[in-house]
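Chemist: have a look at this prediction, sequence included:
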Amino acid sequence: MTRPRRLLLLVAGALLLGLMLFFAISRATPYEETIEHGPAPEVRSNPYLAAERFLTDQGRAVEHAQGIGGLTETKDSRQVLLLLGERSTMTPAQAERLLHWVDKGGHLVFVAERIWDENAGSSGDLLLDALNLQQHEASEKPDDSHVADGAANAEKRPVLTRLYLENENAPAYLAFDTNYHLYDAGGSAHAWANSASATHMLQLRHGSGLITALTDSWIWQNDAIAQYDHAWLLWYLTQDRDVTLIYRTDHDGLLQRLLRYFPEALSAALLLLLLGCWHAAQRQGPLLEPANRGRRQLREHLRGSADFLYRRAGQRHLIATLQNDILRQAQHRHPNLVALDHAGLCKVLAQLSRTPIEAVTHAMRSSLDRKMSNADFTRQVARLQSLRNAL
């Protein structure tokens, strides 16, 4: 192919590619697309972050605490404590200190956790029981929980909770969970908020302080605080006071944190542990057969017993045992043998066994002057055995 022809093909290809790009661009339609990545990590970790930001914008000094341990000793009584977290780990001493802090002028806002148990006469919620408050399911509240007059019965109550204030023409509307009802068993509440079938907020005096009990606190979470009058209620309860917010009273343990933040590392460590156990459990070498329990003979047992006594008791004990055995054998034929002296004893044994008296005297020596060699010990034992057999 000549050079001019090659150049012409390249120009034609570039022109064709340009036309195709122009056609694609002319047919393309621009559009906008919003990709939701979900809430930020700080929002996911703090369900009341919007409430904190709202209070900060209102000029409140907001603090966030992780637990109630030692909190009442360090906090000023002129504060509002929003206790919105789960309180199953609260101790009676902590509840007593908390109420004492309220008694000095603090304002406690907490969420009722337990349902009233008629059989037990308590709910198990330390704060509710101490304040003589009860939480019931809306369908199971007492018949005398509240008495409505004819005008109130004629009015069709809304699903939302209404909060009426003095000098206000319209109530505040709140979206509490209508499945639960707060009952003031002690009759000490001076303010409350009701829905169509239940009471969801009670406020009562406690010493110089104030206590507000709620059936739930989800109205102040990030996705609900902007609805109805939820933000206004938070402002109303915390006005002119600094705020301490507690929405989590328990802490994750080490294992829970490891599972949350290092699942891959834990999986690798577990796999390594399993491989190590498998390697350590491998059998090295051939399998050994169990020993035969009946392979030893009587002679081996006797030899083993004799070796043990020789090592532990010594020569004197073995020889003395043989001598005592000879005396027991001779007593059957000469009952007064034990009353004789050593010379008389040897003489009688010589007569009974028809053995020379020198051999009997040597064999029946009362003690050994020195430790004998193995050969001398064997000969001495042989003499005693011969004398015993002769009897």
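Modeler: Thanks, I have it. Numbers count the residues shown, from 1 in each chain.
Chemist: where do the strands of the stretch 151-300 of the chain begin and end?
Modeler: 161-163, 172-174, 180-184, 189-194, 199-206, 209-214, 242-246 (DSSP state E, counting those that start in this stretch).
Chemist: looking at the ones you listed, which is nearest to R27?
Modeler: strand 172-174 (52.8 Å; CB to CB). For the C-beta atoms, the positions are set from N, CA and C on the backbone; glycine is no exception.
Chemist: give the rounded mean pLDDT of that closest one.
Modeler: Taken as a whole, strand 172-174 carries a mean pLDDT of 86.
Chemist: neighbouring strands for that strand, and are they parallel or not?
Modeler: strand 161-163 (antiparallel) (DSSP bridges).
Chemist: tell me which residues in the partner strand are buried?
Modeler: T161, R162, L163 (16 or more other CB atoms under 10 Å).
Chemist: list the contacts for the first one?
Modeler: Contact criterion CB atoms under 8 Å, 6 or more residues apart in numbering gives Y173, L174, A175, F176, T178, A193, N194, S195, H200, M201 as the residues in contact with T161.
Chemist: distance-wise, check the fourth one relative to A95.
Modeler: The span separating F176 from A95 equals 24 Å under the rule CB to CB, to the nearest Å.
Chemist: list the buried residues in stretch 313-324.
Modeler: Neighbour-count burial for stretch 313-324 flags Q315, L318, I319, L322, Q323 (criterion: 16+ other CB under 10 Å).
Chemist: ugh, typo on my part, it should be stretch 330-350
Modeler: Applying 16+ other CB under 10 Å to stretch 330-350 flags A330, L337, L345, C346, V348, L349, A350 as buried.
Chemist: go through the buried residues of strand 161-163 and say which is closest to Q134.
Modeler: Scanning those for proximity to Q134, where the rule is CB to CB, the winner is T161, at 18.1 Å.
Chemist: partners of the closest one in the sheet?
Modeler: Going by DSSP bridges, T161 is paired in beta bridges with L174.
Chemist: how close does it sit to A198?
Modeler: Applying CB to CB, the value for T161 to A198 is 8 Å.
Chemist: can you pull the residues that touch both of these two?
Modeler: T178.
Chemist: to W101, which of the strands of the stretch 151-300 of the chain lies closest?
Modeler: Here strand 209-214 is closest among these (CB to CB), at 7.6 Å.
Chemist: who are the packing partners of that closest one?
Modeler: helix 92-103, strand 107-111, strand 199-206 (3 or more CB pairs under 8 Å, 6 or more residues apart in numbering; DSSP states H and E).
Chemist: what sits up against it?
Modeler: Residues contacting strand 209-214 (CB under 8 Å, 6+ apart): 77, 101-112, 127-128, 131, 133, 176, 182, 200-205, 237.
Chemist: that strand pairs with which strands, and in what direction?
Modeler: Its sheet considered, strand 209-214 pairs with strand 107-111 (parallel), strand 199-206 (antiparallel) by DSSP bridges.
Chemist: correct me if wrong: D129 contacts D117.
Modeler: No. If you go by CB atoms under 8 Å, D129 and D117 don't touch, sitting 10.4 Å apart.
Chemist: compare the two (neighbour count), which wins?
Modeler: D129 (16 against 11; other CB atoms under 10 Å).
Chemist: let's verify N119: helix, strand, or coil?
Modeler: Assigned by DSSP: H, G, I helix; E, B strand; the rest coil, the conformation of N119 is coil.
Chemist: what's the pLDDT at it?
Modeler: 85.
Chemist: how close does it sit to Y183?
Modeler: N119 sits 17 Å away from Y183, going by CB to CB.
Chemist: neighbour count: these two, which is higher?
Modeler: In terms of neighbours (other CB under 10 Å), Y183 is the more surrounded of N119 and Y183; the figures are 21 against 5.
Chemist: next, give phi and psi for the closest residue to that one other than its chain neighbours.
Modeler: Excluding its sequence neighbours, the residue lying closest to Y183 (CB to CB, 6 or more residues apart in numbering) is Q134, at 4.3 Å. The phi/psi pair for Q134 (degrees, to the nearest 10) reads phi -130, psi 140.
Chemist: wait, isn't Q134 in contact with A185?
Modeler: Yes. Using CB under 8 Å, Q134 is in contact with A185, at 5.2 Å.
Chemist: so the two - more neighbours on which side?
Modeler: The neighbour comparison of Q134 against A185 (other CB under 10 Å) goes to Q134, with 25 against 13.
Chemist: look up how far A313 lies from V11.
Modeler: From V11 over to A313 (counting by CB to CB), the distance is 119 Å.
Chemist: likewise A390?
Modeler: 26 Å.
Chemist: check L272 too.
Modeler: L272 is 56 Å from A313, by CB to CB.
Chemist: and for Y247?
Modeler: Counting by CB to CB, the separation of Y247 from A313 is 81 Å.
Chemist: got it, and A339?
Modeler: 29 Å.
Chemist: again, but for Y261
Modeler: Distance from Y261 to A313, by CB to CB: 70 Å.
Chemist: how about H37?
Modeler: 89 Å.
Chemist: swap in S305?
Modeler: Taking CB to CB, one finds S305 at 11 Å from A313.
Chemist: same check, this time on I115
Modeler: In terms of CB to CB, I115 sits 80 Å off from A313.
Chemist: and if you look at S353?
Modeler: Taking CB to CB, one finds S353 at 26 Å from A313.
Chemist: which residues does D184 contact?
Modeler: N132, L133, W192, T199, L202, L204.
Chemist: buried subset of those residues?
Modeler: Looks like the contacts of D184 have L133, W192, T199, L202, L204 buried, using 16+ other CB under 10 Å.
Chemist: I'd guessed the fourth one sits against H190; true?
Modeler: Looking back up the chat, that one is L202. No. With contact defined as CB under 8 Å, L202 does not reach H190; the gap is 9.1 Å.
Chemist: where does the prediction get shaky in this protein?
Modeler: Low-confidence segments of the chain, defined by pLDDT under 70: 1, 38, 66-77, 139-158, 248-253, 282-285, 291-296, 366-370.
Chemist: mind running it again at 50?
Modeler: Along the chain, the parts satisfying pLDDT under 50 run over 140-158.
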